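> Quick one, fold the following:
(one chain, ligands or ions: 1)
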Amino acid sequence: MTDSSSIPTVKLLINGEFVESQTTEWRDVINPATQEVLAQVPFATEQEMNAAVAAAKEAFKTWRKTPIGARARIFLKYQQLIRENMKELAAILTAEQGKTLPDAEGDVFRGLEVVEHAAGIGNLQLGELANNVANGVDTYTVLQPLGVCAGITPFNFPAMIPLWMFPMAIATGNTFILKPSEQDPMVTMRLAELAIEAGIPKGVLNVIHGGADAVNLICDHPDIKAVSFVGSTKVGTLVYNRATANGKRAQCMMGAKNHAIVLPDAHRQQTLNNLAGAAFGAAGQRCMALSVVVLVGEAQTWLPELIEKARTLKVNAGVEPNTDVGPVISCAALDRVSGLIARGAEEGATLELDGRNPDVSAYGKGNFVGPTIFSGVTPEMAIYREEVFGPVLCVMQADSLKDAVELINANPNGNGTALFTRSGAAARYFQEEIDIGQVGINVPIPVPVPTFSFTGSRASKLGDLGPYGKQVVQFYTQTKTITERWFDEDEVAGSVNTTITL
Ligand code: NAD
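Just a heads-up that it's a prediction; the model follows:
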């Protein structure tokens, strides 16, 4: 941690107030292109975290009864404020996370779409009614909020992923504790400020900061009813096990190894452009990044062109115009990615394009690694087994679409995949046979819009219901089923009936 009192501190949000933490444990928030310390983030004390949960519990008493229209209008205002502050939000995001400014705007925009969806909550949180299920008896359901819910978010989408969580939880009548990534909490805090400005009442949204202790407190706290997590498979598995052992609902979206299949009949230029963008954009730090390409048959001859395209991508700080690939998040991430590239070469893959130590002279201290391509990759290699989370693409080969599908289905992860082809029959075979939760047909990063839900599968997800969209309305509510009968005034009391009838 840097010792300087002139550096701004990131605040906690407890009961509607942005407060300075009393902790003695602070972490630097660092610009990954320059190593400049932008702020210091506290690891909140147990007392502060308990105060946040207590505020959320108290606020729930009135928020759960707040009319649908009143809740919706806050999110209508909120989406307007996010739009008005888009440039500022993107600039904060780029400074602390590293991605390019257009990509940072995309990060905010994908979250904004969830806020817009939350503003339509009156159409989403609807029950059902069946008339005359027995003589004079009706049954109906209501979707009631759970209480205090919590969200734990990763570094790679510090705007979009917090916005996947608290708008839908709050719009459905819950109160919320958010624990952002300690690596880039500043844009998340700006979004929290705008949420308060939009009219979210005190205690309804609270933000705490920290690492494992904060996450463990969330998983253990008896007053927290549901936990949403997005991050690595290792931490997500811990969160899922601990939260569910404590009787909470949990949904954990985790790591990935996303494959694309390229058939020789695909649109060549469009496919190669899509592959390069999806593998190296955001420096490969997307959970839906394409990290493996399987070239089928004649498409194997496209490799030199793919390498040439990757070579033309510009590695530079995210604030610089025309940058394609910004820095990775931290020095530790740079070491890990560089180490995995070295290991790939040691294990026998062919290093077709080595992105280590790129020339970024104006930003000599940045955590830069450029587009890297391996061919001849086999499933036992570390670069294939591990999620590199950097701009590293593994190229593999298959003789047929069937073989390529078998390879993907044998990989434990199930986040996203894509097929590039002009054949409808091949596309239909692919979407039927592939065992992956999010499938793109000539779409490299098939993240669903908020009218649907994020539907990663297998080792990329724990819990049944995904974030945002229809599924998350189920996740953040308890269905109550009411069976109801009304007696006429002049109806005579019958005899006691001990059989189970209505
Ligand atoms: P991470 O798991 O290191 O951190 C996620 C959160 O967990 C952070 O808030 C962090 O503070 C907390 N945390 C870290 N270590 C912890 C520990 N030991 N105990 C308890 N909590 C801990 O993930 P990251 O590096 O921030 O993000 C990258 C990962 O997130 C990648 O694996 C990526 O695939 C995944 N991700 C998945 C999705 C998805 O939707 N499937 C989306 C984005 C990112």
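
> Now the residue most central in space within the chain: closest residue in space that isn't a chain neighbour?
By CA atoms, centre = their mean, the chain has its centre lying nearest to Ile161, at 4.3 Å. Leaving aside its chain neighbours, Ile161 sits nearest to Thr153 (4.6 Å; criterion: CB to CB, 6 or more residues apart in numbering). C-beta: built from backbone N, CA, C; applies to glycine.

> try Lys470
According to CB to CB, 6+ apart, the nearest residue to Lys470 is Ser453 (5.8 Å).

> Let's verify that neighbour: helix, strand, or coil?
Under DSSP: H, G, I helix; E, B strand; the rest coil, Ser453 falls in the coil class.

> these two touch, right, it and Leu465?
Yes - under the criterion of CB atoms under 8 Å, Ser453 makes contact with Leu465 at 7.5 Å.

> So for the two, which residues contact both of them?
Common neighbours of Ser453 and Leu465, using CB atoms under 8 Å, 6 or more residues apart in numbering, are 471-472.

> Follow the chain on from the host helix or strand of Glu308 and name the next helix or strand.
Using DSSP states H and E, Glu308 sits within helix 303-311. Later in the chain than helix 303-311, the nearest helix or strand by DSSP H and E is helix 331-346.

> Packing partners of that next one?
strand 350-353, helix 382-385, strand 392-398 (3 or more CB pairs under 8 Å, 6 or more residues apart in numbering; DSSP states H and E).

> give the contact list for the residue nearest to the centre of the chain.
By CB under 8 Å, 6+ apart, the residues touching Ile161 are 111, 153-154, 230.

> Go through the residues you listed and say which is closest to Ile14.
Thr153 (18.1 Å; CB to CB).

> you'd agree that closest one is up against Lys179?
Yes - using CB under 8 Å, Thr153 makes contact with Lys179 at a distance of 7.2 Å.

> interface residues of the stretch 101-250 of the chain facing the ligand?
152-157, 179, 181-182, 211-212, 215, 230-232, 235, 238 (CB under 6 Å from any ligand atom).

> no wait, the stretch 351-500 of the chain
Contact residues (CB under 6 Å from any ligand atom) of the stretch 351-500 of the chain with the ligand: 387, 389, 415, 454, 456, 460.

> Confirm for me that the last one is in contact with Asn415.
Yes - because the distance of 3.9 Å satisfies CB under 8 Å, Ser460 is recorded as touching Asn415.

> coming back round to it: what is the burial count for the residue nearest to Lys470?
Per other CB atoms under 10 Å, the neighbour tally for Ser453 reads 22.

> what does Tyr363 give?
Neighbours of Tyr363 under the rule other CB under 10 Å: 20.

> Please apply the same query to Glu406.
Close neighbours of Glu406, defined as other CB under 10 Å, add up to 12.

> Tell me who's in contact with it.
Listed by CB under 8 Å, 6+ apart, the contact set of Glu406 is empty.

> how near is the residue of the stretch 351-500 of the chain found nearest the ligand to Gly281?
The minimum distance from the stretch 351-500 of the chain to the ligand, using CB to the nearest ligand atom, falls at Gly456 (4.8 Å). Separation of Gly456 from Gly281 (CB to CB, to the nearest Å) stands at 19 Å.

> The two: who's more crowded?
Taking neighbours as other CB under 10 Å, Gly456 and Gly281 compare with Gly456 leading, 27 against 23.

> can you pull the contacts of the more buried one?
Gly456 is in contact with 253-254, 256, 287, 414-416, 437-438, 466, counting by CB under 8 Å, 6+ apart.
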